[in-house]
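Trainee: dropping the sequence and predicted coords here.
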Amino acid sequence: MTLGSKKIRDRFSPHPGTDVTIPAHEKSREAYIAFAEYLDQLLGPCDPYVAELVMTKLQEASMWTNFAIAQLAPLAQPKIGLPRVTAKPTPPPGKPKG
């Protein structure tokens, strides 16, 4: 299964903030901070290792949320084009070509 050029470009190209996505990023960030502070108080007596894992996973969820919000914005148009790779890879030194 391949993703296809459109999906690949969507995943790796910048999505500049818009009037819709910038406020969504800010609201999301505020919600994650509030939840993290709540969990910090709740998990205070908990094993520090487990509490740190909780915060790490919450931070990971926040990053994926921001990625999803960013994808709501249109892709930025690249200022310069990258060359297309059309040549076959060069074999390592010492190996016959072909």
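Mentor: Thanks, I have it. Residues are numbered from 1 along each chain as shown.
Trainee: for the residue sitting nearest the centre point of the chain, phi and psi?
Mentor: Against the mean C-alpha coordinate of the chain, by C-alpha atoms, centre = their mean, the closest residue is F67 at 4.7 Å. With angles defined as degrees, to the nearest 10, F67 sits at phi -60, psi -40.
Trainee: ok, so what distance separates it from G17?
Mentor: According to C-beta to C-beta, to the nearest Å, F67 stands 13 Å off from G17. The C-beta positions use only the backbone N, C-alpha and C, and glycine is treated the same way.
Trainee: now G17, what's its secondary structure?
Mentor: Of the three states, G17 takes coil under DSSP: H, G, I helix; E, B strand; the rest coil.
Trainee: by mean pLDDT, point me to the weakest helix or strand of the chain.
Mentor: helix 5-12 (a mean of 84; mean pLDDT, DSSP states H and E).
Trainee: what's that helix in contact with?
Mentor: L3, Q71, L75 (C-beta atoms under 8 Å, 6 or more residues apart in numbering).
Trainee: which of these fall within strands?
Mentor: Counting by DSSP state E, no part of the contacts of helix 5-12 is found in strands.
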